[in-house]
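>>> Generate a structure from the sequence data that follows.
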Amino acid sequence: MSASATPRVLQPAAWRRAIAPIVVAVLVLSVVLQEPVAELLPDGTPRVLVFVAIAVPIVAAVVLGLSAAYPRVVADADGALRVRGRVVRPSEIVAARRSVSAGGGSAYLVLTLRTDAGRGIRVLVAGVPIRGLDPAQLGVLREVVAASAIPVVRTSESERAFLSENVLASGRRVDVDRGLVLRELDELRGVRFAGLGVEEPLADAADAADAVDAAVLDVAPSAPETAAASASSAQPVDDTAVERELAAATRSTALARRIAFWVLAVATLGAAGLLALLVVMESTGVDFGAADEDPLTAAMSIAIGVALLAGIAWATAADVDDARRRAESQRWLAFASEAQRRRGLPDAFHAAWLRAPGGRMGAVGLMVLAIVAFFAVIGGPVALAQGYGPVPVGVAATIVGVALSALALWGWIARRRAHARRVEWLVEAAGERARRGLTGDDPLSR
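Okay, here's the model as predicted:
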């Protein structure tokens, strides 16, 4: 590990990289909480003080939380790391865990370095809107990882988890070997992978910064159509034949899926238009009656009902279509040659495997179960407190609500784990299509 005359920053204070999100959070929450907080303060309190009363706790909570999660890390001239007053030498770092999370306009790549003493150092490598490391800091992190005792041997299980998390972006931590970490850090810095030891010089600073920004946006594909999102765009010749055969095998389910979708879209637009018309009529003083009295109200009710039924039909048809595509992919694997299997499951089959087990109707079922559980948990105690109905009914409603809540939580966790296993299977079945783009020309373990 190269030595520098002065200590170098590996990870700056996290709150400095989150100033913009902090400002946005303060402004939004100050508008939402202004009146409730003003009610708690003495009459006549200036609005400036109300704003300060809201902003200070928010800023303090964010700063303390980020400082606890991502501490400032400095590399001394001899390569030792200083973290919260502790000194950690690269040789003491024996493992690395990587997590990718995305959603709601944010995406984060976090690396946790584990020491032989069982302690962890969390590093926010790349992120949006909270920024990750700049190219120089990524270079310091690379030197630390290269000099560490993180194992070099890679296993198939860790590879599948690594690649599947690039698709799922669920925040699950997976163990990674030193080679995968170094390769990813070089990619983020915009330089060619230099192996496990000495590296090539950093690219031009501006180009490297652009590479980091681009890599952050690619942490988790926004709409993944394949588990090999970064693989070569060249498709094998026989993929065209596979797409034709798949289209022929799923023609009926794909047609039902499209028809249900367009019925849903038309019914939804019709219901929204009728609702807007009724609101305008009411604002102008025109009264309208119930569905059995007013044709417009009846039409809106019918449109809402059609939209609901069409939505259920579309979700069911789409789930059946996906199931047929998965069955076709299993049939393809059963008759594929060794060379075809090595190349991997064709891209046309991937999208159906990226859907969580249970499909869309499974998600709807969990949502309905959670809503029923919520109302039961809330309604039971309210009935007991207000004296509505017999006491045993309120107690039973509360117990049922708690049981349904536990069932919904268990179902959500089980579905999420099953989804991760399904995507890991897809990564394995995708073969070279999934591996080539993330690991360059070097083959991974078989």
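>>> Going by C-alpha atoms from here, please, whenever you check contacts or count neighbours.
OK.
>>> how close does the spatially most central residue of the chain get to residue 285?
Nearest to the mean C-alpha position of the chain, by Cα atoms, centre = their mean, lies residue 102 at 3.4 Å. Separation of residue 102 from residue 285 (Cα to Cα, to the nearest Å): 48 Å.
>>> for residue 329, same thing?
Between residue 329 and residue 285 the computed distance is 60 Å (Cα to Cα).
>>> Please apply the same query to residue 124.
Residue 124 sits 58 Å away from residue 285 when distances are taken as Cα to Cα.
>>> Quick check: closest non-adjacent residue to residue 328.
Spatial nearest neighbour of residue 328, chain neighbours left out: residue 246 (7.2 Å); criterion: Cα to Cα, 6 or more residues apart in numbering.
>>> Residue 141 now?
Leaving aside its chain neighbours, residue 141 sits nearest to residue 10 (6.0 Å; criterion: Cα to Cα, 6+ apart).
>>> same thing with residue 318?
Closest to residue 318 by Cα to Cα, 6+ apart is residue 257, at 5.5 Å.
>>> tell me what the helix or strand in which that neighbour is found is packed against?
For residue 257, the host element (DSSP states H and E) is helix 251-283. Applying 3 or more Cα pairs under 8 Å, 6 or more residues apart in numbering; DSSP states H and E, one finds that helix 251-283 contacts helix 295-335.
>>> quick one, which of residue 124 and residue 285 is more surrounded?
Set residue 124 next to residue 285 and count neighbours by other Cα atoms under 10 Å: residue 124 wins out with 22 against 8.
>>> which non-adjacent residue is nearest the more buried one?
Ranked by Cα to Cα, 6+ apart and with sequence neighbours excluded, the top spatial neighbour of residue 124 is residue 110, at 4.7 Å.
>>> mind listing what's buried in whatever helix or strand that neighbour lives in?
Taking DSSP H and E as the criterion, residue 110 maps to strand 106-115. Across strand 106-115, burial judged by 16 or more other Cα atoms under 10 Å covers 107-115.
>>> now, which of these sits nearest residue 159?
residue 111 (15.8 Å; Cα to Cα).
>>> Can you name the residues bridging to the closest one?
Per DSSP bridges, the residues bridged to residue 111 are residue 98, residue 123.
>>> Quick check, it in contact with residue 97.
Yes. Using Cα atoms under 8 Å, residue 111 is in contact with residue 97, at 5.8 Å.
>>> Other residues contacting stretch 53-64?
The contact list for stretch 53-64, computed with Cα atoms under 8 Å, 6 or more residues apart in numbering, reads 14-15, 22, 25-26, 29-30, 33-34, 37.
>>> no no, stretch 105-112
96-102, 120-129, 216-217, 219-220.
>>> again, 6 Å this time
The contact list for stretch 105-112 (Cα atoms under 6 Å, 6 or more residues apart in numbering) reads 96-101, 121-129.
>>> same deal with stretch 269-276?
Stretch 269-276 is contacted from outside by 300, 303-304, using Cα under 6 Å, 6+ apart.
>>> switch to 8 Å and redo it
296, 299-301, 303-304.
>>> Which secondary structure element of the protein has the lowest mean pLDDT?
Of all helical and strand segments in the chain, the minimum by mean pLDDT, DSSP states H and E falls on helix 205-217, at a mean of 45.
>>> got the residue ranges for the strands in this protein?
Along the chain, the stretches classed as strands by DSSP state E are 8-11, 73-75, 81-83, 86-88, 93-103, 106-115, 120-128, 174-176.
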